[in-house]
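In: fold the following and give me the result.
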Amino acid sequence: MSTSDIIRNNIIDKLLTITNKDYLSALYQLVNSSSVNHDTVQLTEEQILMLQLSDEDIKSGKLISQDQLDKEDLQWLKEL
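Out: Predicted coordinates:
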């Protein structure tokens, strides 16, 4: 995986934890107003596999709410 892929994935991981609407809105405006190359992004085999696994989870109903995920994360952190 290239350095840019690692950085992109790390940013995505961090974005998924942000719940502050104003902060997310500011980030969206920043990204939306920047000059972005609109070339097609080539996904790695690992990224494609993760998307396929996610699709399978959705089809089989293996979903939890964001609130439940937050509770489980807090419980996990307490156990560390």
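
In: and residue 24, how many neighbours?
Out: Residues within reach of residue 24, counting by other Cβ atoms under 10 Å, total 12. (Glycine included, C-beta is placed from N, CA and C.)

In: list the contacts of the helix or strand it falls within.
Out: Using DSSP states H and E, residue 24 maps to helix 21-33. Residues outside helix 21-33 that contact it (Cβ atoms under 8 Å, 6 or more residues apart in numbering): 15, 18.

In: just give me the residue closest to the centre of the protein.
Out: residue 12 (4.2 Å; Cα atoms, centre = their mean).

In: avg pLDDT for the host helix or strand of that residue?
Out: Per DSSP H and E: residue 12 is located in helix 3-15. On average, the pLDDT along helix 3-15 is 90.

In: angle of it against helix 21-33?
Out: For helix 3-15 against helix 21-33, the angle by axes from the mean of the first three to the mean of the last three Cα atoms, to 10 degrees is 150 degrees.

In: for helix 3-15, list the C-alpha coordinates in PDB.
Out: The C-alpha trace of helix 3-15 is given here as PDB (Å, rounded to 0.1, in the frame of the first residue of the first chain):
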ATOM      1  CA  THR A   3       2.100   6.200   1.500                       C
ATOM      2  CA  SER A   4      -0.800   8.200   0.100                       C
ATOM      3  CA  ASP A   5      -3.200   5.300   0.600                       C
ATOM      4  CA  ILE A   6      -2.000   4.900   4.200                       C
ATOM      5  CA  ILE A   7      -2.500   8.600   4.900                       C
ATOM      6  CA  ARG A   8      -5.900   8.600   3.200                       C
ATOM      7  CA  ASN A   9      -7.000   5.600   5.200                       C
ATOM      8  CA  ASN A  10      -5.800   7.200   8.500                       C
ATOM      9  CA  ILE A  11      -7.800  10.400   7.700                       C
ATOM     10  CA  ILE A  12     -10.900   8.300   7.000                       C
ATOM     11  CA  ASP A  13     -10.500   6.400  10.300                       C
ATOM     12  CA  LYS A  14     -10.300   9.700  12.100                       C
ATOM     13  CA  LEU A  15     -13.200  11.200  10.300                       C
END
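
In: if anything else comes up later, I'll come back, but that's it for now.
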